[in-house]
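Asks: Give me a 3D structure for the following:
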Amino acid sequence: DRDKYSVIWELFILTLMQTRLALVAECRGLQPFFHLYDLLLYEDAAVISMSFGDMGTIFEAIRAIHSGFSAAEHEYVAAYIAQKMVDTIVILRRIGVIHCDIKPDNWVLKSDEQADSLRVVLIDFGKAKC
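Replies: Residues are numbered from 1 along each chain as shown. Here you go, the predicted model:
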């Protein structure tokens, strides 16, 4: 039951964040979080349906980058990802949300074909405070 309530709380936080993003002028139009599609409640479980992070977590990306890039490229990619992470945390602060469970597995990478770039998205708001 605890996990079920955590998912319901996460739905509330995600909905609140979307509302607050629309209200805070400097955050309008930003999408540092996945789009929420649906909440499915079952007797013994709850599932949130969201956009898909097609490139895995930051933890997985670090392992892949380590084997396929030069040292200079490592530094560039790490700096880009770190900046996106900081930007997301700043946005959370501006909209009054504290994540409470930031770790590599809660950051997901998603390719953004429209902007021809990489999105760094924070997930798992089940422990968040507002």
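Asks: give the contact list for the residue nearest to T57 when sequence neighbours are not counted.
Replies: The shortest distance from T57 to any non-neighbouring residue, by C-beta to C-beta, 6 or more residues apart in numbering, is to D105 (5.1 Å). All C-beta atoms are positioned from the backbone trio N, CA, C, and that covers glycine. By C-beta atoms under 8 Å, 6 or more residues apart in numbering, the contact set of D105 is T57, I58, F59.
Asks: K84 now?
Replies: K84 makes contacts with L118, R119, V120, as judged by C-beta under 8 Å, 6+ apart.
Asks: From the residues you listed, list just the buried residues.
Replies: R119, V120 (16 or more other C-beta atoms under 10 Å).
Asks: any idea which of the contacts of K84 is closest to L23?
Replies: If you rank these by distance to L23 using C-beta to C-beta, R119 comes first, at 22.1 Å.
Asks: now that closest one: how far from D101?
Replies: Remark: distance between R119 and D101 (C-beta to C-beta, to the nearest Å) = 20 Å.
Asks: Then V77?
Replies: Look at V77 and D101: by C-beta to C-beta, they are 24 Å apart.
Asks: May I have the phi/psi pair for the nearest residue to G126 once chain neighbours are set aside?
Replies: Nearest non-adjacent residue to G126, counting by C-beta to C-beta, 6+ apart: S6, 4.0 Å away. Phi and psi for S6, reported as degrees, to the nearest 10, are phi -60, psi -40.
Asks: got the CA coordinates for the one helix or strand R93 maps to in PDB?
Replies: Here R93 is covered by helix 71-94, with elements defined by DSSP states H and E. Presented in PDB, the C-alpha positions along helix 71-94 are these (Å, rounded to 0.1, in the frame of the first residue of the first chain):
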ATOM      1  CA  ALA A  71      39.000  12.400 -22.400                       C
ATOM      2  CA  ALA A  72      38.100  15.800 -23.900                       C
ATOM      3  CA  GLU A  73      34.700  14.500 -25.100                       C
ATOM      4  CA  HIS A  74      34.100  13.000 -21.600                       C
ATOM      5  CA  GLU A  75      34.600  16.400 -20.100                       C
ATOM      6  CA  TYR A  76      32.300  18.200 -22.600                       C
ATOM      7  CA  VAL A  77      29.500  15.600 -22.100                       C
ATOM      8  CA  ALA A  78      29.900  15.700 -18.400                       C
ATOM      9  CA  ALA A  79      29.700  19.500 -18.300                       C
ATOM     10  CA  TYR A  80      26.600  19.500 -20.500                       C
ATOM     11  CA  ILE A  81      24.800  17.000 -18.400                       C
ATOM     12  CA  ALA A  82      25.800  18.700 -15.100                       C
ATOM     13  CA  GLN A  83      24.600  22.100 -16.400                       C
ATOM     14  CA  LYS A  84      21.200  20.500 -17.400                       C
ATOM     15  CA  MET A  85      21.000  18.900 -13.900                       C
ATOM     16  CA  VAL A  86      21.700  22.300 -12.200                       C
ATOM     17  CA  ASP A  87      19.200  24.000 -14.400                       C
ATOM     18  CA  THR A  88      16.500  21.500 -13.400                       C
ATOM     19  CA  ILE A  89      17.200  21.900  -9.700                       C
ATOM     20  CA  VAL A  90      17.000  25.700 -10.100                       C
ATOM     21  CA  ILE A  91      13.600  25.300 -11.800                       C
ATOM     22  CA  LEU A  92      12.400  23.100  -9.000                       C
ATOM     23  CA  ARG A  93      13.500  25.700  -6.400                       C
ATOM     24  CA  ARG A  94      11.700  28.500  -8.300                       C
END
